[in-house]
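1. Curious how this folds, go ahead:
(2 chains)
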Amino acid sequence: AQTVTQSQPEMSVQEAETVTLSCTYDTSESDYYLFWYKQPPSRQMILVIRQEAYKQQNATENRFSVNFQKAAKSFSLKISDSQLGDAAMYFCAYRGYSGGGADGLTFGKGTHLIIQP
Amino acid sequence: GAGVSQSPSNKVTEKGKDVELRCDPISGHTALYWYRQSLGQGLEFLIYFQGNSAPDKSGLPSDRFSAERTGGSVSTLTIQRTQQEDSAVYLCASSLGPGLAAYEQYFGPGTRLTVT
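-> Below you'll find the predicted structure:
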């Protein structure tokens, strides 16, 4: 079974600074997807960024980028120029390729990101 | 367009009662997922529907849990004889379909269930 580990229960960063959230995972599959989701107090899970394992290039979405290290099974999220609206729980998630979606997402325990004004 | 909607937003029920949670996916999304989010267990995947069919129900926590989907759209998650450990936020998500399209799941706001 796949597992996803987020070792930082909480992180704090000053507004406008850069923060990196860590995620490691364990899998025996060679093809899979990795995601970072944001969950604000409204509970709505919002997809921040995704990475296909077969792509060597790290995904980037505006101020959000990932550092994907396939051999190390590491998938960290970097948030640049942090904004107050970035404050939320962040979840790292995994989905296998072979299941075709039927196996759902496997989530880490989450990191609570606090933005200090 | 409209996103995934769930009702009720919050539900308080007495132990032993049955509850029904509803999910309306995004129009045209054939795949639908249910997850449970609790303090102790984090986010757990419960069940997946492709159309009206759920190929694997092994993720449901116990036989008190059941789910169905009708017309390839609305889904209901039913919990019979609720227990306090069922207290959690139940999240629903939908996606365009299985396979590659399934990578993008859109989540609803969830139903917070409290069993007293």
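
2. How many residues are close by A:Glu17?
-> A:Glu17 has 12 neighbours, counted by other C-beta atoms under 10 Å in any protein chain shown. Glycine gets a C-beta too; all of them are placed from N, C-alpha and C.

3. Quick check: it vs A:Pro41, distance?
-> Distance of A:Glu17 to A:Pro41, computed by C-beta to C-beta, to the nearest Å: 22 Å.

4. Span of stretch A:66-83 from start to end?
-> Terminal residues of stretch A:66-83 lie 18 Å apart, using C-alpha to C-alpha, to the nearest Å.

5. For that stretch, give me every contacting residue.
-> A:13-27, A:34, A:36, A:48-49, A:51, A:53, A:58-60, A:63-65, A:86, A:90, A:92, A:113, A:115 (C-beta atoms under 8 Å, 6 or more residues apart in numbering or on different chains).

6. Pull the contacting residues for residue 26.
-> Going with chain A. By C-beta under 8 Å, 6+ apart, the neighbours of A:Asp26 are A:Gln2, A:Thr3, A:Val4, A:Thr5, A:Lys73.

7. if you could check chain B rather than the one you did, that'd help
-> Contacts of B:Ile26 were listed using C-beta under 8 Å, 6+ apart, and they are B:Gly1, B:Ala2, B:Gly3, B:Val4, B:Ser94, B:Tyr106.

8. And the pLDDT at the first one?
-> Put plainly, it is B:Gly1. With respect to pLDDT, B:Gly1 scores 56.

9. hmm, back to that, would TSV of the contacts of B:Ile26 with secondary structure, distance to chain A and neighbour count be doable?
-> Output for the contacts of B:Ile26, formatted as TSV (DSSP: H, G, I helix; E, B strand; the rest coil; distance: C-beta to the nearest C-beta, whole Å; neighbours: other C-beta atoms under 10 Å in any protein chain shown):
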residue	secondary structure	distance to chain A	neighbour count
B:Gly1	coil	16	5
B:Ala2	coil	13	8
B:Gly3	coil	8	13
B:Val4	coil	9	23
B:Ser94	strand	11	27
B:Tyr106	strand	8	19
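
10. A:Met11 contacts A:Gln116, correct?
-> No: counting by C-beta atoms under 8 Å, A:Met11 does not reach A:Gln116; the two are 10.9 Å apart.

11. Neighbour count: these two, which is higher?
-> Using other C-beta under 10 Å as the criterion, A:Met11 and A:Gln116 rank with A:Met11 on top: 16 against 11.

12. got the contact list for the closest residue to A:Cys92 other than its chain neighbours?
-> Among residues not flanking A:Cys92 along the chain, A:Cys23 sits closest, at 3.5 Å (C-beta to C-beta, 6 or more residues apart in numbering or on different chains). Residues in contact with A:Cys23 (C-beta under 8 Å, 6+ apart) are A:Val4, A:Thr5, A:Gln6, A:Leu34, A:Trp36, A:Ser74, A:Phe75, A:Ser76, A:Leu77, A:Cys92, A:Gly108.

13. can you pull the contacts of the spatially most central residue of chain B?
-> Nearest to the mean C-alpha position of chain B, counting by C-alpha atoms, centre = their mean, stands B:Trp34 at 3.2 Å. Neighbouring residues of B:Trp34 by C-beta under 8 Å, 6+ apart: B:Cys23, B:Phe45, B:Leu46, B:Ile47, B:Ala67, B:Ser75, B:Leu77, B:Tyr90, B:Leu91, B:Cys92.

14. Can you list the low-confidence ranges for chain A?
-> Low-confidence segments of chain A, defined by pLDDT under 70: A:98-102.

15. Which residue comes closest to residue 17 once chain neighbours are left out?
-> As the question left the chain open, I've gone with chain A. A:Ser82 (5.6 Å).

16. Chain B is the one I meant
-> Excluding the flanking residues, the one nearest B:Lys17 by C-beta to C-beta, 6+ apart is B:Thr82, at 5.7 Å.
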